[in-house]
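Asks: Return atomic coordinates for the entry below.
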Amino acid sequence: MIRILLAEDDQAMRTYLARALENAGYDVTAVDRGTAALPLLEREHYDLLLSDIVMPEMDGIELAQRCAEVSPTTKVMFITGFAAVTLRASREAPHAKVLSKPFHLRDIVMEVQRVFGLSEHAQL
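Replies: Have a look, this model is predicted:
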């Protein structure tokens, strides 16, 4: 089963995303900030880091950079509501997919499936 580490500081969004991804068949661990995600990346294997970019303590871009050091096989996908941050993420983490808020839950599930080369109905 594909394991996803979700780092999102907004509780409602975190719950919403975790539920949608779990319903699509993924194993999701959700945390509220980058500094909570980093120790998990160091201790456990995750296939995907799905992170908000703008978070307190450690932003998603720094988290992705640290992820590349401690868990280089973990893929990265960002979610953000800020256009300027999207440009920075694309520049500083060019291999990461960036999804802009608002998005439909189906969109995020489809993007995760694309990251892993799964067909549209493989996890639904």
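Asks: CA atoms for contacts and neighbours, from now on please.
Replies: OK.
Asks: Quick check, central residue of the protein?
Replies: Centroid-nearest residue in the chain: residue 50, 0.4 Å away (criterion: Cα atoms, centre = their mean).
Asks: Assess the claim that it and residue 79 are in contact.
Replies: Yes - the pair residue 50 and residue 79 passes the contact test of Cα atoms under 8 Å, sitting 7.3 Å apart.
Asks: Leaving out chain neighbours, which residue sits closest to residue 63?
Replies: In space, and not counting its chain neighbours, residue 63 is closest to residue 34: 5.8 Å by Cα to Cα, 6 or more residues apart in numbering.
Asks: and residue 81, what does it touch?
Replies: Contacts for residue 81 (Cα atoms under 8 Å, 6 or more residues apart in numbering) come out as 100, 101, 102.
Asks: where do the helices sit along the protein?
Replies: 11-23, 34-43, 60-70, 83-92, 105-115 (DSSP state H).
Asks: What helices and strands are in contact with the second one?
Replies: It refers to helix 34-43. strand 3-7, helix 60-70 (3 or more Cα pairs under 8 Å, 6 or more residues apart in numbering; DSSP states H and E).
Asks: do the same with the last one
Replies: Helices and strands touching helix 105-115, as assessed by 3+ Cα pairs under 8 Å, 6+ apart, comprise helix 11-23.
Asks: hmm, who's touching the helix it packs on?
Replies: Contacts of helix 11-23 with the rest of the structure, by Cα under 8 Å, 6+ apart, involve 6, 7, 8, 27, 28, 29, 30, 31, 32, 105, 109, 124.
Asks: run the last query once more with 7 Å
Replies: 8, 28, 30, 105, 109 (Cα atoms under 7 Å, 6 or more residues apart in numbering).
Asks: same check, this time on stretch 25-43
Replies: Stretch 25-43 has contacts (Cα under 7 Å, 6+ apart) with 1-9, 14, 18, 22, 55-60, 63, 67, 70-71, 123-124.
Asks: want to throw the helices of the chain into TSV with mean neighbour count?
Replies: Formatted as TSV, those follow (neighbours: other Cα atoms under 10 Å):
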stretch	mean neighbour count
helix 11-23	15
helix 34-43	17
helix 60-70	19
helix 83-92	14
helix 105-115	16
